[in-house]
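Q: predicted model, plus sequence, below.
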Amino acid sequence: QVQLVESGGGLVQPGGSLRLSCVASGLNVSNYGINWYHQAPGKEREREPRSEIYSSGATNYHDAVRGRFTISRDIIKNTVYLQMNKLEPEATGVYYCNSHYGRGVGRVDYWGQGTQVIVSS
């Protein structure tokens, strides 16, 4: 049974930093890509991840966060991190950890419960 558990959210002032964690069980982060999705208050979860790390270890970032966010993983701890720097109020919302396999109708997604981030002065 796959489980993804996020933590690390909280209240931070604009320009501040937070580090989110996603602890995986039931899958190895060395074999599966892990993505971070954002859902702003009152809106649907974004379709494109803010950041992703592939099984190869390669990373990708949404234009909105490139240069400010860093995704990394600890294979021993089976955990993926999202270091968020220079946070802007637009970053407020819930961050979800995701992994998936397959494509189209055969795609299977795993989601965590989310962790709340509030960027406000």
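A: Received the coordinates, thanks.
Q: pLDDT weak spots in this structure?
A: Low-confidence regions of the chain, defined by pLDDT under 70, are absent; no residue qualifies.
Q: nearest the middle, which residue of it would you pick?
A: Centroid-nearest residue in the chain: Trp36, 2.2 Å away (criterion: Cα atoms, centre = their mean).
Q: contacting residues around the helix or strand encompassing that residue?
A: Take DSSP states H and E as the rule and Trp36 turns out to sit in strand 34-39. With Cβ atoms under 8 Å, 6 or more residues apart in numbering as the test, strand 34-39 has contacts from 4, 20, 22, 24, 45-46, 49-53, 71, 73, 80, 82, 91, 93-100, 114. Every residue, glycine included, has its C-beta placed from N, CA and C.
Q: just the buried residues out of those residues, in PyMOL syntax.
A: Buried residues among the contacts of strand 34-39 (16 or more other Cβ atoms under 10 Å), as a PyMOL selection:
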select buried, resi 4+20+22+24+45+49+50+51+52+53+71+73+80+82+91+93+94+95+96+97+98+99+114
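Q: from the contacts of strand 34-39, which land in strands?
A: For these, membership in strands holds for 4, 20, 22, 24, 51-53, 71, 73, 80, 82, 93-100, with DSSP state E as the criterion.
Q: mind listing what's buried along the strand holding Trp36?
A: Neighbour-count burial for strand 34-39, counted by 16+ other Cβ under 10 Å, picks out 34-38.
Q: that one to strand 93-101, inter-axis angle?
A: Here strand 34-39 runs at an angle of 140 degrees relative to strand 93-101 (axes from the mean of the first three to the mean of the last three Cα atoms, to 10 degrees).
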